[in-house]
Each structure stands twice: as C-alpha cells, then as structure tokens.
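J.: from the sequence below, what's the structure:
(one chain, ligands or ions: 1)
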Amino acid sequence: MNDYQDKLHRFVFDDTPIRGNTINLSNTFKATLEKHNYPPILRQVLGELMAASALLAATIKMLNGALILQIMGNGPIRLLVVECSTDFGLRATAKWQGSLNKETFSELVGDGHFIITLDPKDGGQSYQGIVPLEGKDISEVLENYMERSEQIPTRIWLSCDGESAAGLLLQKVPDHEEADSDAWKRTCVLANTVKSSELLELDARSLLIRLFHEEKIRVFDPKLTNFKCTCSRNNVGKMLKTLGKKEIEDILAEQGSIEIHCEFCNARYAFDEIDARQLFETRLAPSSVRKH
Ligand SMILES: [Zn+2]
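T.: Numbering: from 1, shown residues only. Coordinates of the predicted model:
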C-alpha cells in the first residue's frame with residue numbers, strides 16, 4: 001500500500017479565502033466493488049461518485065451521520081448510490097440494464113435526477129435536495145448542484161482508472177471578504193491543469209505543490225477511508241417489523257421464509273417463521289419473567 005492511498009486531506013490557502021480537499025480511494029474502492037460484477041465503465045463512474053462523496057462529506061459540518069449521493073436516470077445506467085459516513089466509511093451500489101457501450105456520461109445516465117441526502121445518525125433533522133441531472137460528467141453534476149442549491153462556488157476534479165478513484169475539491173469560503181478578487185479564478189485555472197494520472201498517483205502535498213507552487217497552503221492531518229456497510233440483522237428485523245405482522249405472515253405463508261439481500265455488500269438475511277414471530281414478541285423485563 002502506498003502512503004497516499006485511502007486518505008482524505010483537508011487544506012486551506014493561507015492568503016486567499018479558498019479551501020479544499022483531496023481524496024484517494026484504493027483499497028476502499030476495491031473492497032466496495034469486490035462483491036459486485038460491474039462493467040468497467042460502471043466501475044469508473046461509480047468510483048468517481050465515491051471520490052466525490054468523500055470530498056463533499058469533508059465540507060459538511062455534521063458530527064455523526066452520512067452523506068448519500070444518488071443519480072437516477074433513464075439511460076442504460078438507471079441508478080448510482082454512494083454513501084459516505086462522517087468518518088469516511090463508504091459503500092456503493094448501482095443498477096443498469098443492457099450493454100453499456102455508450103460513449104458519454106450523458107448517454108449512459110440519460111435524463112433524470114441528482115439527489116443528495118444528509119442523514120444525521122444522532123436523531124437530527126435529515127435534509128434532501130433534488131435537482132435535474134445536468135452536466136457532462138459527475139464533477140459537473142455536483143458543481144451545478146452546489147452552485148444552484150448551496151450557492152457555494154465549488155469545483156471538483158475526479159478520476160477513476162478501475163483500480164482506484166481520486167479527486168480534488170476547491171471551495172470558496174462563504175461570507176468572506178475577498179481580498180484577492182482574482183484568486184478564485186486563478187486557482188481554478190491552475191487546478192484545471194491537473195491530469196488524471198496526477199490525481200491518482202500523487203500524494204496530497206505533491207499534488208498541491210505541482211498545481212499551486214506559488215501559494216501558501218496548509219495541509220491538515222489525513223483522515224483514513226474504508227469500506228463500511230451499515231446493514232445488520234438487527235436493522236433488517238426493524239425494517240421487517242415496520243411492514244406489520246399481517247404482511248409478514250402473508251409473505252411467510254407464501255414463501256416459507258423471508259430473505260433480505262443488502263444491495264451494497266451482498267449480505268443475505270433470512271427470517272423463518274420462528275425468527276419472524278420473535279420480531280413481534282414483546283420482551284419482558286428480566287424482573288417480570290416468571291417461571292411456570
Ligand atoms: Zn450491507
């Protein structure tokens with residue numbers, strides 16, 4: 001493993017109101033997709049969305065929760081879903097149909113929507129934003145969303161070669177008196193010279209020196225990324241319970257058992273009649289349990 005792999009670095013420019021992040025997902029990318037047999041182009045698009053989710057998650061002030069990015073379209077790629085937790089645990093899944101031999105991202109996803117969800121796991125209010133799918137690639141879809149909905153100028157560069165995914169995000173610090181009015185434009189022009197191979201192969205410091213060698217930049221300690229699926233038998237049980245006793249009994253009568261499949265990690269959870277009955281049993285507190 002190379003030193004720069006599976007890390008997110010935050011950085012700030014000292015003299016201009018610009019901040020950013022870099023991300024590399026190598027083992028995280030492989031572990032996330034190893035249970036899926038996706039065509040190469042789908043791996044690439046999903047890898048870019050994974051890198052983008054970590055870059056955006058790093059800009060959000062949420063202590064414990066998850067950022068979910070979804071692209072739903074009417075092209076051969078029907079659905080892309082990526083979830084990144086605030087501690088950079090990622091999972092992803094996709095749905096497609098037919099052959100993916102289309103040339104461009106727009107042809108692959110067709111018309112549809114981009115959905116961004118913030119899901120605080122500590123009981124806070126969740127947030128969802130939905131915008132039409134606009135952009136020639138994942139970066140542009142996200143940039144358009146940030147411009148339109150968040151009104152924070154944000155630029156994103158992404159790359160995925162099927163083995164790892166990487167990216168760079170630049171953001172204008174909001175509500176900041178801009179001392180150097182040209183800074184944002186100049187920084188974006190410099191960042192635009194980045195090559196895919198540089199995003200994938202350079203560590204954060206080397207990448208930033210290569211792009212912005214005249215700027216003073218502070219790079220913070222990295223955060224480690226990993227593959228993490230939040231599914232569990234307990235959560236599946238809770239979900240089944242919400243369907244109601246009657247519905248569960250009907251499914252069991254018809255199928256004998258209920259099998260739930262996690263589309264992110266391919267785990268399977270089976271519930272037979274006894275398991276299902278236990279879901280609806282009210283547990284008695286130990287002190288009130290009587291022996292007969
Ligand atoms: Zn799972």
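
J.: tell me the SS of the one residue in the stretch 51-200 of the chain that gets nearest to the ion?
T.: Going by CB to the ion, the ion is nearest to residue 91 of the stretch 51-200 of the chain, at 6.9 Å. C-betas here are computed from N, CA, C, even on glycine. Per DSSP: H, G, I helix; E, B strand; the rest coil, the secondary structure class of residue 91 is strand.

J.: strands paired with the stretch of helix or strand residue 19 belongs to, and their directions?
T.: Per DSSP states H and E: residue 19 is located in strand 18-25. Here strand 18-25 is paired, per DSSP bridges, with strand 7-13 (antiparallel), strand 165-172 (antiparallel).

J.: buried deepest among those, which one?
T.: strand 165-172 (a mean of 26; mean count of other CB atoms under 10 Å).

J.: for the helix or strand of the chain with the lowest mean pLDDT, list the C-alpha coordinates in PDB.
T.: Comparing helices and strands within the chain by mean pLDDT, DSSP states H and E singles out helix 273-279 as the least confident, with a mean of 88. C-alpha atoms of helix 273-279 as PDB (Å, rounded to 0.1, in the frame of the first residue of the first chain):
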ATOM      1  CA  GLU A 273     -41.400 -18.300  10.900                       C
ATOM      2  CA  ILE A 274     -39.700 -18.500  14.400                       C
ATOM      3  CA  ASP A 275     -37.500 -15.500  13.700                       C
ATOM      4  CA  ALA A 276     -40.400 -13.600  12.400                       C
ATOM      5  CA  ARG A 277     -42.500 -14.400  15.500                       C
ATOM      6  CA  GLN A 278     -39.700 -13.200  17.700                       C
ATOM      7  CA  LEU A 279     -39.800  -9.800  15.900                       C
END
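
J.: buried set for that helix?
T.: In terms of neighbour count (16 or more other CB atoms under 10 Å), helix 273-279 has its buried residues at 275, 276.

J.: show me the contact partners of that helix.
T.: Here helix 273-279 makes contact (CB atoms under 8 Å, 6 or more residues apart in numbering) with 237, 240, 241, 248, 249, 252, 257, 258, 271.

J.: show me which residues of the helix or strand hosting residue 198 are buried.
T.: Using DSSP H and E, residue 198 sits within helix 196-201. Buried positions in helix 196-201, judged by neighbour count with 16+ other CB under 10 Å: 198, 199, 200, 201.

J.: what is the nearest of those residues to residue 174?
T.: Checking those against residue 174 by CB to CB gives residue 199 as the nearest, at 25.5 Å.

J.: save the contacts of helix 273-279 as a markdown table, and put in neighbour count too.
T.: Shown next, in a markdown table, are the contacts of helix 273-279 (neighbours: other CB atoms under 10 Å):
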| residue | neighbour count |
| --- | --- |
| 237 | 16 |
| 240 | 20 |
| 241 | 13 |
| 248 | 19 |
| 249 | 14 |
| 252 | 17 |
| 257 | 12 |
| 258 | 19 |
| 271 | 21 |
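
J.: need those residues in JSON lines (columns: secondary structure).
T.: Formatted as JSON lines, these follow (three-state DSSP):
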{"residue": "237", "secondary structure": "helix"}
{"residue": "240", "secondary structure": "helix"}
{"residue": "241", "secondary structure": "helix"}
{"residue": "248", "secondary structure": "helix"}
{"residue": "249", "secondary structure": "helix"}
{"residue": "252", "secondary structure": "helix"}
{"residue": "257", "secondary structure": "coil"}
{"residue": "258", "secondary structure": "strand"}
{"residue": "271", "secondary structure": "strand"}
